[in-house]
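**Student:** Need the 3D shape of this:
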Amino acid sequence: MKKVLLFSAAMLALSSCSNTDVLEEGNIQQTNAIGFQTLVNKESRALSNGSFNDFYVYGSYYKSGNENNKVAIFNGERVTKGGTQQDTETGTNTGWGYVGTRYWINGAMYKFYGYSCENQEVGKVTVNGNDVTTRANYIDGEFNLVDYISDKNHQHDLVFASSNLIEGKETGNQPVSFSFKHILSKLRVNFVNAYPAGYTLTISNVKVSNIRNKGKFYGSIDTPSWGNENEVDREGTTPELGLKFGNNASVELRNVEGGDQINAQTGWGYVIPFAYKSANVDIVFDLKVVGPLGGDPIIDRRIAGQWRPTWEQSIGYSYKVTLTGGESGLEPIKFGVEPWDANDGWGSADGQEITFSPAEAGN
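**Tutor:** Numbering: from 1, shown residues only. Take a look at the predicted model:
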């Protein structure tokens, strides 16, 4: 029922080298190694400055007057917090290292990209029995993530960073500074129990369904972002995202007389950023309500509502669902009183007589 959902979104604030090139790199002093340093913007449940340990780097350079001939020097190499490079090089220790040191070339222009899928590479995801492979494409110095899946089959935080165009120097090169941002959207549902005191509510199997679960991230454009050109870009039939209450699929709510409302909040779920063009995204959940005196549930069924969200990358959305009897489709038991007549409901026995005879009172 559409009217069940009273939403209020709140933002919370994630090739090869030529022989000449190899010789030039080999002539660079070891103190001129390419190094990295990182910062994760806006900590989240999955990746934060404390839990972020690995990312995968892509990078190339070109020489003056030869912009169309980019030479790739990183193609998905793993960069690790406390990695190998910081132990073997005598340059600045950034805390991040990789295997197989690369060196700056004086006068060359460099561009770097990095991403991390909760400290892992992107790869194969099984959706409805079919394998879908996300690819980190790096062609002619342009970086994209293709066919990225985010739904119940693949729930991970995803962060991305790119550098400015950097000119290599003979000496005094600084580590490449990556400022990682979360590039998915995330959402959760807040349930507000507005039933009278004594009622017991059980909410379970919360899902957001018919979502766009597959997308392409364009990392090389001026404002790196997801393609928003296809209204229907879904892998499988009616893809969905399940939301739990901590580690549990259900929660029980019960207000007490004179007490505050007891509410419940699901955990976060990650979705592909997208501006939907129609109200065809569903939120569904099971609701069971038992009255104050127990007995059979007065309601025990699936409740659904639809809305048209606009999800932007790096933004978390909290949706509020207020649960009342009326909003759940229940009709309250009501009582009526027939009006009294002019005698306010009293009958009349007019005309009756009392006959007295001499006697003492009380006899």
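
**Student:** May I have the beta-bridge partners of Val321?
**Tutor:** Beta-bridge pairing for Val321 (DSSP bridges): Phe191.

**Student:** Same check on Leu145?
**Tutor:** Those that pair with Leu145 in a beta bridge, by DSSP bridges, are Ala136, Phe217.

**Student:** Now Asp282: which helix or strand?
**Tutor:** Taking DSSP states H and E as the definition, Asp282 sits inside strand 281-290.

**Student:** Outline the domain layout of the chain.
**Tutor:** 2-8+186-211+237-323, 19-183 (automatic domain parsing).

**Student:** and Gly336, which of the ones you listed is closest to it?
**Tutor:** domain 2-8+186-211+237-323 (20.1 Å; C-beta to C-beta). Yep, even glycine has a C-beta here, placed from its N, CA and C like the rest.

**Student:** SS state for the nearest residue to Ser64 once chain neighbours are set aside?
**Tutor:** Nearest residue to Ser64, sequence neighbours excluded (C-beta to C-beta, 6 or more residues apart in numbering): Gly107, at 6.2 Å. At Gly107 the chain is in coil, as set by DSSP: H, G, I helix; E, B strand; the rest coil.

**Student:** Packing partners of the following helix or strand past the strand holding Asp282?
**Tutor:** Later in the chain than strand 281-290, the nearest helix or strand by DSSP H and E is strand 299-307. Helices and strands touching strand 299-307, by 3 or more C-beta pairs under 8 Å, 6 or more residues apart in numbering; DSSP states H and E, are strand 281-290.

**Student:** sorry, back to before: from Asn66, how far off is the residue nearest to Ser64?
**Tutor:** From Gly107 across to Asn66, the span is 11 Å (C-beta to C-beta, to the nearest Å).

**Student:** For the most centrally placed residue in the chain, what are phi and psi?
**Tutor:** Ranked by distance to the mean C-alpha position of the chain (C-alpha atoms, centre = their mean), the top residue is Lys186 at 1.6 Å. When read as degrees, to the nearest 10, the backbone of Lys186 gives phi -140, psi 150.

**Student:** From Trp311, how far out is it?
**Tutor:** Taking C-beta to C-beta, one finds Lys186 at 9 Å from Trp311.

**Student:** Show me whatever sits in contact with both of the two.
**Tutor:** 271, 317 (C-beta atoms under 8 Å, 6 or more residues apart in numbering).

**Student:** tally of neighbours for Asp286?
**Tutor:** 16 (other C-beta atoms under 10 Å).

**Student:** related to what we said a few turns ago, if I look at the residue nearest to the centre of the chain, how far off is Ile315?
**Tutor:** Applying C-beta to C-beta, the value for Lys186 to Ile315 is 8 Å.

**Student:** Tell me how many other residues crowd Gly107.
**Tutor:** 12.

**Student:** shouldn't it be in contact with Asn173?
**Tutor:** No. With contact defined as C-beta atoms under 8 Å, Gly107 does not reach Asn173; the gap is 11.9 Å.

**Student:** who's the closest residue in space to Asn119 that isn't next to it in sequence bridged to?
**Tutor:** Spatial nearest neighbour of Asn119, chain neighbours left out: Asp54 (4.3 Å); criterion: C-beta to C-beta, 6+ apart. Taking DSSP bridges as the rule, Asp54 bridges to Thr80.

**Student:** mind listing what Asp54 touches?
**Tutor:** Asp54 makes contacts with 78-81, 116, 119-120, as judged by C-beta under 8 Å, 6+ apart.

**Student:** Neighbour-wise, which one of the residues you listed leads?
**Tutor:** Neighbour-wise, the contacts of Asp54 (other C-beta under 10 Å) top out at Ser116, 26 neighbours.

**Student:** Tell me which helix or strand comes right after the helix or strand hosting it.
**Tutor:** Here Ser116 sits within strand 109-116, counting by DSSP H and E. On the C-terminal side of strand 109-116, the closest following helix or strand by DSSP H and E is strand 124-127.

**Student:** what are the pairing partners of the next helix or strand after that next one, and which direction each?
**Tutor:** Next in sequence after strand 124-127, counting helices and strands by DSSP H and E, comes strand 130-133. According to DSSP bridges, strand 130-133 forms sheet pairs with strand 124-127 (antiparallel).

**Student:** Would you mark the buried spots in the partner strand?
**Tutor:** Going by neighbour count (16 or more other C-beta atoms under 10 Å), the buried part of strand 124-127 is 125, 127.

**Student:** Alpha carbons of it, as PDB, please.
**Tutor:** Coordinates of each C-alpha in strand 124-127 appear next as PDB, following Å, rounded to 0.1, in the frame of the first residue of the first chain:
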ATOM      1  CA  LYS A 124      32.900 -12.100 -11.300                       C
ATOM      2  CA  VAL A 125      29.400 -12.100  -9.600                       C
ATOM      3  CA  THR A 126      26.800 -14.800 -10.000                       C
ATOM      4  CA  VAL A 127      23.300 -13.300 -10.600                       C
END
